[in-house]
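Trainee: Sequence first, then the predicted structure:
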Amino acid sequence: MSAKQVEPEVGAIEETTSKPVSRLTRWYRSPLFNVIVVGLISFTQPGIWNALNNTGAGGQQQPYLVNGANSLTFGIMVFGCSIFSILANKYGLKSILILGTLGYAPYSASLYVNNRYGTEWFVLFGGATCGIAASALWASEGAIALGYAGVKDRGKFTGIWLGLRELGQLIGASIQLSLNVENGQRGKVGYSTYLILIGLQCLGLPLACLVSPPEKVIHRDGRKALARPKDRAVAKEFHKWWALLKMKQFYLLIPILVGFNWNGTYQGIYLTQYFSVRARTLGALMSGIAATAANLIWGWVYDLKVFSRPKLAKVTWTVFSVVMLALFAWQVANEKLYEDASPKPTLDWSQPGFGRGFAVNVLFRLVPCTVL
């Protein structure tokens, strides 16, 4: 009787010793190089998107059209992320990653066209392309950043990956601030702001082509990680996905995920209603600085052995919930103060009371980055 072949479980990593390769090849195929490239892709795609979004309404004067586009983006992602995760097992992580770099630039281009010419339909179309691309990117970049790493390096690699994403926001916000630093009134950013950011987002596709497929990754000790079989049945993967939805741990993440994504729209309305253009661009810059520091520091902390992972997850969830509720109360109090004032204030760094309204916005951006 022949021995029965046992298919490895999904998520399992099987390693084998490979023939000697050059130092350059080993670096190019290393998990560290790949996570840096994935981080740079995040820099050019969601990093630049965050720079625009954290300015409030994508830099527009009113938030309503951009909020509609963002609703379309995240509505697609609700289902798209799971679908592309399943398709990644069928067609490979690299293919899905490349697809994830194709939809952000059209959205930024739509903001430019709307800002300059008033075209509205393109913004909604851009929101749809961004939703499809973001679904593919979110399904693949995390799997590469964490799946290529050893267990002891996952916190560090997470910090590198997300830190580079926030660096995209830093540079994007710096560009916005430098081009709008003289505008101390409410309104919208200059249309030339978008051109540089669109150019940066176009770098995502060539960067994605540099990523190694899982079967070609070489670990520090010279071993290779074998790829998952590409002929996995899609229906079987959907069945496994449905089983995940039945786990109670999944639903405990909902408050954190809602808080992380919902406050982007909430803060966009807050900024456009009460802050000057240059204060909004400063807010995007300060949010990027705070988030970058949080990602790097907490990536290191999560690799420490002070707490077990289940205990660390419980502590993080509790602290996050309490702090976010406190920040929400603070901001609601600010909004009540500003609405009752006559005339309605325009918060700018040259005006008194700016720090109170500005600090809560930065903290709203900072706190979710300590847990995600």
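Mentor: Everything's here; your move. Numbering: from 1, shown residues only.

Trainee: Determine the number of other residues adjacent to Met77.
Mentor: Around Met77 sit 22 other residues, with neighbours defined as other CB atoms under 10 Å. Quick note: C-beta positions are derived from backbone N, CA and C, even for glycine.

Trainee: surely it meets Ser135?
Mentor: Yes - applying CB atoms under 8 Å, one finds Met77 in contact with Ser135, separated by 5.0 Å.

Trainee: so which strand or helix has Gln62?
Mentor: Using DSSP states H and E, Gln62 sits in no helix or strand.

Trainee: Correction: the previous question concerned Ser85.
Mentor: Assigned by DSSP H and E, Ser85 falls within helix 64-91.

Trainee: buried set for that helix?
Mentor: Within helix 64-91, the residues that qualify as buried by neighbour count (16 or more other CB atoms under 10 Å) are 65-67, 69-70, 72-74, 76-77, 80-90.

Trainee: can you check stretch 204-213 too?
Mentor: Residues of stretch 204-213 classed as buried by neighbour count (16+ other CB under 10 Å): 204-205, 207-208, 211-212.

Trainee: can you list the residues you listed in JSON lines and add pLDDT and distance to Ala284?
Mentor: Shown next, in JSON lines, are those (pLDDT from 0 to 100; distance: CB to CB, whole Å):
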{"residue": "Gly204", "pLDDT": "95", "distance to Ala284": "20"}
{"residue": "Leu205", "pLDDT": "96", "distance to Ala284": "25"}
{"residue": "Leu207", "pLDDT": "96", "distance to Ala284": "23"}
{"residue": "Ala208", "pLDDT": "95", "distance to Ala284": "25"}
{"residue": "Val211", "pLDDT": "93", "distance to Ala284": "28"}
{"residue": "Ser212", "pLDDT": "90", "distance to Ala284": "33"}
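
Trainee: Could you list which of these belong to helices?
Mentor: Restricting the buried residues of stretch 204-213 to those inside helices, with DSSP state H as the criterion, leaves 204-205, 207-208.

Trainee: what's Phe275 sitting at in phi/psi?
Mentor: Recorded main-chain torsions at Phe275 are phi -120, psi 150, according to degrees, to the nearest 10.

Trainee: any idea which of the ones in helices among the buried residues of stretch 204-213 is closest to Thr318?
Mentor: Checking these against Thr318 with CB to CB, the nearest one is Gly204 at 36.7 Å.

Trainee: Name the residues that touch stretch 348-357?
Mentor: Contacts to stretch 348-357, defined as CB atoms under 8 Å, 6 or more residues apart in numbering, come from residues 184, 274-276, 278-279, 282, 334, 338, 345, 347, 358.

Trainee: In contact with Glu182, which residues?
Mentor: With contact set as CB under 8 Å, 6+ apart, Glu182 has these partners: Arg278.

Trainee: Give me the secondary structure label for it.
Mentor: The assignment at Glu182 comes out as coil when based on DSSP: H, G, I helix; E, B strand; the rest coil.

Trainee: So which bits of stretch 179-196 are buried?
Mentor: Judged by neighbour count (16+ other CB under 10 Å), stretch 179-196 contains these buried residues: 179-180, 183-184, 186-191, 193-194.
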